[in-house]
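Colleague: no sequence on hand, only this structure:
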Ligand SMILES: CC(=O)SCCNC(=O)CCNC(=O)[C@H](O)C(C)(C)COP(=O)(O)OP(=O)(O)OC[C@H]1O[C@@H](n2cnc3c(N)ncnc32)[C@H](O)[C@@H]1OP(=O)(O)O
């Protein structure tokens, strides 16, 4: 099996999940000011396949800020290799990240004004 593709010749879903986890962590990282960990993938929907050569864009928005955790909705759009200028939503997911201390325990997120 070629790396990062599945039996259909499209991009392996696990690769997409890894990129979503990374992209989703960008906004929480601005809040937690230190270490954090992904605690949950609450929802993950593969709406359309990602094809080899597609250009992907990831958009994240915060849906909840708790005491120690932040939940983010991530949407992924593909600009198809053979249809440039057209964008298709391929994936959406909801992930929760927890601020952790040096011992890996949850720590409170500082409140912002
Ligand atoms: C960057 C990386 O690559 S991370 C790699 C993958 N992730 C990991 O290895 C993390 C492994 N997990 C852990 O170490 C621990 O579960 C921790 C430190 C993340 C959390 O520890 P816990 O003892 O479970 O924490 P606790 O029960 O107090 O919950 C902490 C927060 O997470 C939230 N949370 C816990 N479980 C879930 C869940 N299933 N869904 C959504 N939120 C959850 C809680 O609501 C709480 O948020 P709040 O304080 O804002 O209300």
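Modeller: All right, it came through fine. A quick note: this is a predicted structure, and the numbers were derived from the prediction, not measured. Residues are numbered from 1 along each chain as shown.

Colleague: low-confidence ranges, the chain, go.
Modeller: For the chain, the stretches flagged by pLDDT under 70 are 113.

Colleague: where along this structure do the strands fall?
Modeller: 36-46, 55-65, 69-79, 87-99 (DSSP state E).

Colleague: okay if I get these as JSON lines plus mean neighbour count and distance to the ligand?
Modeller: All C-beta atoms are positioned from the backbone trio N, CA, C, and that covers glycine. Shown next, in JSON lines, are the strands of the chain (neighbours: other C-beta atoms under 10 Å; distance: least, C-beta to the nearest ligand atom, whole Å):
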{"stretch": "strand 36-46", "mean neighbour count": "14", "distance to the ligand": "3"}
{"stretch": "strand 55-65", "mean neighbour count": "13", "distance to the ligand": "7"}
{"stretch": "strand 69-79", "mean neighbour count": "20", "distance to the ligand": "3"}
{"stretch": "strand 87-99", "mean neighbour count": "20", "distance to the ligand": "4"}
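
Colleague: of all those strands, which lies closest to residue 23?
Modeller: In terms of C-beta to C-beta, the element of the strands of the chain nearest to residue 23 is strand 55-65, at 3.6 Å.

Colleague: any idea of the angle the lengthiest helix in the chain forms with strand 87-99?
Modeller: The longest helix of the chain (DSSP state H) is helix 13-24. Interaxial angle of helix 13-24 relative to strand 87-99 (axes from the mean of the first three to the mean of the last three C-alpha atoms, to 10 degrees): 60 degrees.
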